[in-house]
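Enquirer: the following block contains a protein sequence and its predicted model.
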Amino acid sequence: MGHGWEGAVLKLLRAKDFVFTVTGVEQVADHYRRVHFTDGGMLKITGVHPTMWVRLWFDNGGKPHQRGYTLVDPDPESGTFSIEFALHEGPACDWSRKAEEGATIEGTLYGSHFAAPDPLPPRLLVMGDAAALPAINSLLEAVPQVPATVWFETANEADTTLPFRTDPERHDVRFIPRERGGERLVGEVRKAMPDLIDDPAEAYAWITCDTKTTRALSTFARKELGLPKDRVHALGYWRVF
């Protein structure tokens, strides 16, 4: 399958292409599916870093369609990793529902990087939802010495049972039902976050919700609370249509 103009641009930027092979599938929850892969030699070439993600290419009515996914449990020695899909409508999730052992999919690695905040904050301030859970888990594991408050937006009650890799002694996870297009999450964060920040210059916010909600929370953190630009990681993981 060709990758269209997006693939051409990535090729010019010297992105690396690989073919991944499915080795197994787990239905983790009603709307959450984990697919296991061999990496086509990727990890030994590229190495591994926290929150590492890859672009997977799907067919969308004969046209290439790419989406970024965080690697779960990447292992360069065995050449394996997993991807977790928060299931909804769309070509990526349709592919994951049908994926079976032996199936292959093309992937491109470009743009993934991670640098721990320096200095480390007294507390991580994390906002996200099911689509962002693999990245949130990876972030928390990357800085195990730092406590965190996690505002986790849920689409349904089952989202509270997803595979969180949190420690109740260090991580305060607050489940916020999705209401009014993310407005409830924004309101809950606006009420609680100021009391968790002593010095905005030392704080660190990781915001990975839908694009609109991410923009609202990032603006609040930077413009109203005064966090420096390099202390706010904000990336919209999906878009409301």
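Expert: Cool, the structure landed. Since the model is a prediction, treat every value here as computed from it, not as a measurement.
Enquirer: what about Thr46, how many neighbours?
Expert: By other Cβ atoms under 10 Å, the residues close to Thr46 number 17. Placement of C-beta: from N, CA and C, glycine included.
Enquirer: skipping adjacent residues, who's closest to it in space?
Expert: The shortest distance from Thr46 to any non-neighbouring residue, by Cβ to Cβ, 6 or more residues apart in numbering, is to Leu109 (5.9 Å).
Enquirer: list the contacts for the one you found?
Expert: Residues in contact with Leu109 (Cβ atoms under 8 Å, 6 or more residues apart in numbering) are Ala15, Lys16, Phe18, Met42, Thr46, Val54, Arg55.
Enquirer: ok, now how distant is the nearest residue to the first one once chain neighbours are set aside from Gln66?
Expert: In other words, Ala15. Once flanking residues are discounted, Ala15 sits nearest to Tyr110: 3.4 Å by Cβ to Cβ, 6+ apart. Tyr110 sits 11 Å away from Gln66, going by Cβ to Cβ, to the nearest Å.
Enquirer: would you list every one of the strands in this structure?
Expert: For the chain, strands defined by DSSP state E occupy the ranges 16-29, 32-38, 53-60, 63-70, 72-75, 80-86, 104-109, 124-129, 148-154, 171-177, 204-208, 232-234.
Enquirer: thinking Ala234 is in contact with Thr219, fair?
Expert: No - counting by Cβ atoms under 8 Å, Ala234 does not reach Thr219; the two are 9.1 Å apart.
Enquirer: how's this structure carved up into domains?
Expert: Residue ranges for each domain of the chain read 4-109, 124-234, as given by automatic domain parsing.
Enquirer: about what we covered before: settle it for me: which of Tyr110 and Gln66 has more neighbours?
Expert: Shown here are Tyr110 and Gln66; by other Cβ under 10 Å, Gln66 has more neighbours (20 against 16).
Enquirer: any idea what sits nearest that one, other than its immediate chain neighbours?
Expert: Arg55 (4.7 Å).
Enquirer: I'd assumed Gly107 was in contact with the one you found.
Expert: Yes - with contact defined as Cβ under 8 Å, Arg55 reaches Gly107; the gap is 6.4 Å.
Enquirer: how many residues are close by the residue nearest to Asn60 when sequence neighbours are not counted?
Expert: Computed as Cβ to Cβ, 6+ apart, the closest residue to Asn60 that is not its neighbour in sequence is Pro91, at 4.3 Å. For Pro91, the neighbour count with other Cβ under 10 Å is 17.
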